[in-house]
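Visitor: Kindly generate the corresponding structure for this input.
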Amino acid sequence: MSETKEYLSAIQANGSIHIAEEVIASIAALAANEIEGVCGLSANLGSDLAEMLGVRNLGKGVKLDISGEEVSVDCNVIVLYGHSVLEIAKNVQDKVITAVESMTGMHVKQVNVNICGISLPKEQKK
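Guide: This next block holds a predicted model:
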């Protein structure tokens, strides 16, 4: 996420609204994880270490670039083996755009989906 801003602010007639960038990243990550065939999101080493220490980051694997009322989202996705990578990427784009725009009122300029890995299905115990 961008280090220059911590909150997005909008002045309304009856007060102001502040949305943390982490909230937008969490919305995008949760939306991406709802897609069938997405195993999870790939984080950087710092996020992995923090999660091992018990610090949970719902926005891991998501990077935002915010300019004014527009946001660009990068999602680093791990796909389950056997699913169509192109279909999953398109579904992630659609779901993230819908979720972020409907929950924040911001315009999503683009959603870049980076397929970072393939996960093999776990063997079922008999």
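
Visitor: Show me where the protein has its helices.
Guide: Assignment of helices within the chain using DSSP state H yields the ranges 21-33, 45-52, 85-104.

Visitor: Which of those helices comes out lowest on mean pLDDT?
Guide: Lowest mean pLDDT of those: helix 45-52, a mean of 46.

Visitor: and the residue nearest to residue 101 when sequence neighbours are not counted, bridged to which residues?
Guide: Counting by Cβ to Cβ, 6 or more residues apart in numbering, residue 101 lies nearest to residue 108, which is 5.6 Å off, once chain neighbours are set aside. Every C-beta, even on glycine, is put in place using the N, C-alpha and C of the backbone. Counting by DSSP bridges, residue 108 is bridged to residue 71.

Visitor: Number of residues surrounding residue 108?
Guide: 19 (other Cβ atoms under 10 Å).

Visitor: isn't it right next to residue 71, touching?
Guide: Yes - with contact defined as Cβ atoms under 8 Å, residue 108 counts as touching residue 71 (5.7 Å).

Visitor: Overlap of the contact sets of the two?
Guide: Common contacts of residue 108 and residue 71 (Cβ atoms under 8 Å, 6 or more residues apart in numbering): residue 100.
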